[in-house]
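**Student:** Need a 3D model of the following:
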Amino acid sequence: MNDASSRIPTSVVALLAAICLGVFMWMLLGYVLPFQNMTHAAMLEARLGRYDASDIDAMRGLLERKPEARDVLVAMHRGPDLVLPFVLTAFLFAVLAKLRPAGRYFNRPMHPLMIAAIYALPFIYGFSDYAENILTDNLFVGGPAWSVSAAFLPWASSLKFASLTVCVIVILRFLAYRLAPPADS
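**Tutor:** Got it, this is the predicted structure:
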């Protein structure tokens with residue numbers, strides 16, 4: 001029987017990791033840090049903590065006063081932030097597929113819905129990251145007026161970080177389980 005992990009070569013996973021790191025550094029050095037230097041404030045999507053409507057209003061005012069910062073935000077969303085969610089989703093899915101979270105989990109059978117939920121985590125991250133980018137552009141760049149954008153932006157950001165965190169934790173648990181010596185029966 002074929003091993004599911006053999007379908008995705010380790011070199012492909014390593015290449016995806018390198019691309020993720022490169023795009024992340026491009027985004028950080030080319031956009032996030034210059035934005036922070038211009039405004040003395042962090043981009044909303046770069047904050048790890050939750051933010052609310054008052055933070056969104058403050059950012060909107062800041063971007064109105066500093067149009068060059070708004071241009072940096074737009075350029076980031078049309079450059080590396082267009083690529084990173086896709087590549088990171090592919091990397092997370094490839095790692096999960098390589099670790100094969102199927103069949104048994106800590107010597108207990110896994111329900112098929114649990115396996116499906118685990119494989120869905122990277123896609124939830126990717127979807128929520130793109131949703132966050134669309135909502136941010138809509139709010140701060142003068143896109144079509146969606147009154148719900150301000151309400152959904154914090155949720156999209158929270159879902160992005162939560163799904164990414166859970167995905168990393170699941171990967172680390174499966175990696176630890178795989179690297180652990182077999183238990184004596």
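**Student:** ranges for the helices of this structure?
**Tutor:** With helices called from DSSP state H, the chain shows them at 10-27, 33-39, 53-65, 67-77, 80-99, 112-140, 149-179.
**Student:** How many neighbouring residues does the closest residue to G126 other than its chain neighbours have?
**Tutor:** Among residues not flanking G126 along the chain, T89 sits closest, at 3.5 Å (C-beta to C-beta, 6 or more residues apart in numbering). Glycine gets a C-beta too; all of them are placed from N, C-alpha and C. Residues contacting T89 under the criterion other C-beta atoms under 10 Å number 23.
**Student:** Please apply the same query to G126.
**Tutor:** Look at G126: counted by other C-beta under 10 Å, it has 22 neighbours.
**Student:** Please tell me how far the residue nearest to G126 sits from D137.
**Tutor:** Taking C-beta to C-beta, to the nearest Å as the criterion, T89 is separated from D137 by 19 Å.
**Student:** go on, Y119?
**Tutor:** Summarising the geometry, the distance separating Y119 from D137, computed by C-beta to C-beta, is 29 Å.
**Student:** follow-up on the earlier one: just send the helices of the chain back as a markdown table, with distance to R47 and mean pLDDT too.
**Tutor:** What follows is the helices of the chain, written out as a markdown table (distance: least, C-beta to C-beta, whole Å; pLDDT from 0 to 100):
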| stretch | distance to R47 | mean pLDDT |
| --- | --- | --- |
| helix 10-27 | 15 | 96 |
| helix 33-39 | 11 | 95 |
| helix 53-65 | 8 | 88 |
| helix 67-77 | 14 | 93 |
| helix 80-99 | 15 | 94 |
| helix 112-140 | 11 | 91 |
| helix 149-179 | 8 | 89 |
